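In: kindly return the folded structure for what I paste below:
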Amino acid sequence: MKKLLLVIFVLGMSLSSFAGLKEKHVIGKWKYEAVTDQGSIFGTLTFENKDGKLTGEVNTDDGDTFAFTKVEIRENDILYFELDTGYETLQASVTMEKKKFSGTVGNSQGEMPFTGEKLQ
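Out: Got it, this is the predicted structure:
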């Protein structure tokens with residue numbers, strides 16, 4: 001009986017260490033698609049740990065680069081990030097599952113579907 005309890009305890013600890021979105025799942029390069037009423041927008045997101053903090057940037061297919069102003073892992077395995085394009089602040093909230101994500105990106109005027117896949 002003691003051995004069974006020990007095994008259950010160890011399994012419980014092991015499973016809890018795998019549960020939930022972790023920074024290591026986020027770090028890397030991701031391709032994305034944002035679907036607008038005028039067509040799709042594509043590009044890449046790059047997340048990294050700099051000085052113990054998640055950070056990164058967006059590279060659009062048009063050649064623009066924007067640094068994230070905020071990156072957070074929130075409750076319920078939600079990755080939230082913001083970026084300032086110079087004329088508006090965009091907020092994205094996505095759920096990550098393995099090497100894919102889905103959610104929304106937008107501003108105070110509205111949101112659009114936002115999906116992506118990890119490249120590396």
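In: any idea how far residue 90 is from residue 52?
Out: 25 Å (Cβ to Cβ, to the nearest Å). For every residue, glycine as well, the C-beta is placed using N, CA and C.
In: in this protein, which strand is the longest?
Out: Longest strand of the chain, by residue count under DSSP state E: strand 39-50.
In: buried stuff in that one?
Out: For strand 39-50, a neighbour-count test (16 or more other Cβ atoms under 10 Å) marks 41, 43-47 as buried.
In: give the pairing partners of the next helix or strand after that strand; include direction for each.
Out: With elements assigned by DSSP states H and E, the helix or strand that comes after strand 39-50 is strand 53-60. Paired neighbours of strand 53-60 in the sheet (DSSP bridges): strand 39-50 (antiparallel), strand 65-74 (antiparallel).
In: list the buried residues in the last one.
Out: Taking 16+ other Cβ under 10 Å as the neighbour-count basis, strand 65-74 is seen to contain the buried residues 68, 71, 73.
In: using pLDDT, spot the least trustworthy of these.
Out: Among these, residue 73 has the lowest pLDDT, at 90.
In: got the contact list for it?
Out: Under the criterion of Cβ atoms under 8 Å, 6 or more residues apart in numbering, the contact list for residue 73 reads 21-23, 26, 54, 79-80.
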